[in-house]
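# prediction below, plus the sequence it came from.
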Amino acid sequence: MITLEHIGYLILFLIFLYWYTTATFKFWSSRGVAGPKPTAFIGNFHDVLFSKISLGEWLAKYYHEYPNEPMVGVFVRRTPLLILRDLDLIKDVFIRDFSKFHDRGLKTFEDADPLSQNLIKLEHARWRPLRNKLSPAFTSGKLKEMFYLLAECGNYFQDYLERTVAKDEPIEVRDLTARFTTDVIGTCVFGVQMNAMSDENSEFRRMGKYVFKVNSFKLFRFRVRELFPAIYKIIGPAMKDKMIVDFFMNTMKDAIAYRRKYNVVKHDFIDQVMELQDNPDKIEIKLTDELLTSQLFVFFLAGFETSSTTMSNALYELALHQDVQDKLRAEILETLKACNGHLTYDVIKSMKYMEMVFRESLRLYPPATLLVRRANCNYTFSGTNITIPTDMKIMVPVLAIHRDPHIYPNPEVFQPERWTPEGKASRHPMTWLPFGAGPRSCIGARFSNHQSKVGLIKILEKYSVHPCEKTEIPYKIHPTGFLLAPLNGIHLKFSKV
């Protein structure tokens, strides 16, 4: 039986709950930082919480609403976050004052998510020595050594294309390009033949699809992890995705065991891992199988997904802009003729218009639509009296910056000519951030660059791409994707040149 006393307790509880969720809401106004008015229980996070827009679009919304502010203060539920708009301040955070922002503020959960201990998420103490030891696997010299493998994957890709195009049906290009990049990553980084193109049931392709497939359980798990880390630490182990963990752990162990047994040396990422295992005294952190596998996991995922997305988005825009496609194909054919069809690292690097198309694709569609840094001390922004406390997270709205009309006139228009040497030099270095900036920029940026270009060359050398009845125009961003992705895929028509 409900009594007045029960009702009184309920009212007191609701009052306390309201107070608790709104107690922080003067955080930004007390510091003189402009921002939207938050709502009890939700803060400013309503549209993302209910999957109406993506995180990148959410940041862009507030970026554009405060065009004259160097920064904007927002709330995710009751937690204050800072959106940084001023390019010089962004440069301070990424480069000049890196020592005060060396962490991304992303949580690792060794029991619940063993593979979360990767270079993207690791705290500085483990990130720095690992980055130093793994960087040699991604130098220009190393890429030149293994480039013949990348070129071979490109030739297999053309064979696969011929069979696929012969069906005379619209092609979902995100799946098409992901098959290519999955094989490239397997061959060039891990020394494993993944057969994503020849085998329709490729284990690695299936795993890649599975990891990035968003469902209600993954979304729930992600939100509990990000919003209630203390709770996730307790219940997370029961929600662990054992299939992913076991697959990548076994992949690394099997590859290493095979190489040790047959004395195989390939000078790739696996060799770097083996060297770390053999010389633990040369790195000042404890190496575990989970820690090393985490690096394999993130290189596999980042290597195939971001590059395939970049290629797909470039093909989408090239299909809509036939003049750009024709100009790029002319450069490709001219270059191939000059090198007798023999692609090398330096040949790819010499293709100026390809670089312009690549940069413009990543400007309009940056795979990572935001970058995050955590302050590891109290910090006062240069030229201001605004101080943020230790552990405050700063969000850099990459998508918004890339589509800012004050930086890029007509930002929604795909225009590679923005990237002439003069155009590039005229802009602030923080206006193009698909790979981040500073010491924590993407370790595989150079590899991604060449992988994407080889794939585009192999397609456009022999085929033209066009919109079809299944092409979704305009492009719609998936609201729950972890990386920027189209809502309903990208379907294009291919025809022989």
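Ah, there it is.
# A helix includes E226, no?
Yes. According to DSSP: H, G, I helix; E, B strand; the rest coil, E226 belongs to a helix.
# how about it, nearest residue that isn't a chain neighbour?
Leaving aside its sequence neighbours, E226 sits nearest to K107 (Cβ to Cβ, 6 or more residues apart in numbering; 7.8 Å). For every residue, glycine as well, the C-beta is placed using N, CA and C.
# list the contacts of the one you found.
Going by Cβ atoms under 8 Å, 6 or more residues apart in numbering, K107 touches 116, 121, 225-226, 229.
# what's the separation between it and K393?
Computed with Cβ to Cβ, to the nearest Å, the distance linking K107 and K393 is 11 Å.
# dead centre of this structure: give me the residue that sits there.
A368 (4.0 Å; Cα atoms, centre = their mean).
# and the pLDDT at V265?
Looking at V265, its pLDDT stands at 82.
# typo on my end, it should be M1
M1 carries a pLDDT score of 66 in this model.
# kindly report the same for the one 10 residues further on.
According to the model's per-residue confidence, I11 sits at a pLDDT of 88.
# counting neighbours, what do you get for it?
As a burial measure, I11 scores 10 neighbours (other Cβ atoms under 10 Å).
# mind checking pLDDT for E200?
According to the model's per-residue confidence, E200 sits at a pLDDT of 65.
# over to the one 4 residues further on?
At F204 the predicted local confidence, pLDDT, stands at 76.
# what about it, helix or strand, and which?
Counting by DSSP states H and E, the element that carries F204 is helix 203-212.
# pull out the buried residues from that helix.
204-205, 207-208, 211-212 (16 or more other Cβ atoms under 10 Å).
# phi, psi of the residue nearest to E226?
Main-chain torsions, K107, degrees, to the nearest 10: phi -80, psi 140.
# rounded mean pLDDT for the one helix or strand F157 maps to, please.
Taking DSSP H and E as the definition, one finds F157 inside helix 140-165. Confidence over helix 140-165, taken as the mean pLDDT, stands at 91.
# can you name the next helix or strand after that helix?
Scanning forward in sequence from helix 140-165, with DSSP H and E defining helices and strands, the next element found is strand 171-172.
# that following strand pairs with which strands?
The pairing partners recorded for strand 171-172 under DSSP bridges are strand 491-496 (antiparallel).
# can you pull out the strands in the protein?
The residue ranges that make up the strands of the chain, judged by DSSP state E, are 71-76, 79-84, 171-172, 371-374, 379-380, 387-388, 393-396, 463-467, 491-496.
# what's the closest of those strands to I42?
Using Cβ to Cβ as the measure, strand 71-76 is the one of the strands of the chain that comes nearest I42, at 8.5 Å.
# list of residues touching stretch 410-422?
With Cβ under 8 Å, 6+ apart as the test, stretch 410-422 has contacts from 317, 320-321, 324, 353, 355-357, 359-361, 363-364, 402-405, 408, 423.
# list the buried residues in it.
Those buried within stretch 410-422 under the rule 16+ other Cβ under 10 Å are 411, 414-416, 418-419.
# adding pLDDT and distance to V165, write those out as TSV.
Converted to TSV, the buried residues of stretch 410-422 look like this (pLDDT from 0 to 100; distance: Cβ to Cβ, whole Å):
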residue	pLDDT	distance to V165
P411	98	33
F414	98	24
Q415	98	28
P416	98	25
R418	97	31
W419	98	30
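# quick check, nearest of the residues you listed to Y379?
The nearest member of these to Y379, counting by Cβ to Cβ, is P411 at 30.6 Å.
# pull the most distant pair out of the buried residues of helix 203-212.
The two members of these with the most space between them (Cβ to Cβ) are F204 and F212, at 13.0 Å.
# how close does the residue nearest to E226 get to K233?
Noted for K107: a distance of 9 Å to K233, by Cβ to Cβ.
# ditto for F157
43 Å.
# sorry, back to before: got CSV for the strands of the chain, with mean pLDDT too?
CSV is the format used below for those (pLDDT from 0 to 100):
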stretch, mean pLDDT
strand 71-76, 97
strand 79-84, 97
strand 171-172, 97
strand 371-374, 97
strand 379-380, 98
strand 387-388, 98
strand 393-396, 98
strand 463-467, 98
strand 491-496, 97
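# using CSV, please lay out these together with mean neighbour count and distance to S51.
What follows is the strands of the chain, written out as CSV (neighbours: other Cβ atoms under 10 Å; distance: least, Cβ to Cβ, whole Å):
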stretch, mean neighbour count, distance to S51
strand 71-76, 22, 15
strand 79-84, 21, 19
strand 171-172, 19, 23
strand 371-374, 20, 20
strand 379-380, 14, 33
strand 387-388, 16, 29
strand 393-396, 22, 19
strand 463-467, 19, 28
strand 491-496, 18, 23
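# how close does the residue nearest to E472 when sequence neighbours are not counted sit to R403?
Counting by Cβ to Cβ, 6+ apart, N488 is the residue found nearest to E472 once chain neighbours are left out, at 5.4 Å. Spatial separation of N488 from R403 under the definition Cβ to Cβ is 21 Å.
# more neighbours, these two?
Using other Cβ under 10 Å, the more surrounded residue of N488 and R403 is R403, with 20 against 12.
# what's near enough to touch the more buried one?
R403 makes contact with 60, 364, 411-412 under the criterion Cβ under 8 Å, 6+ apart.
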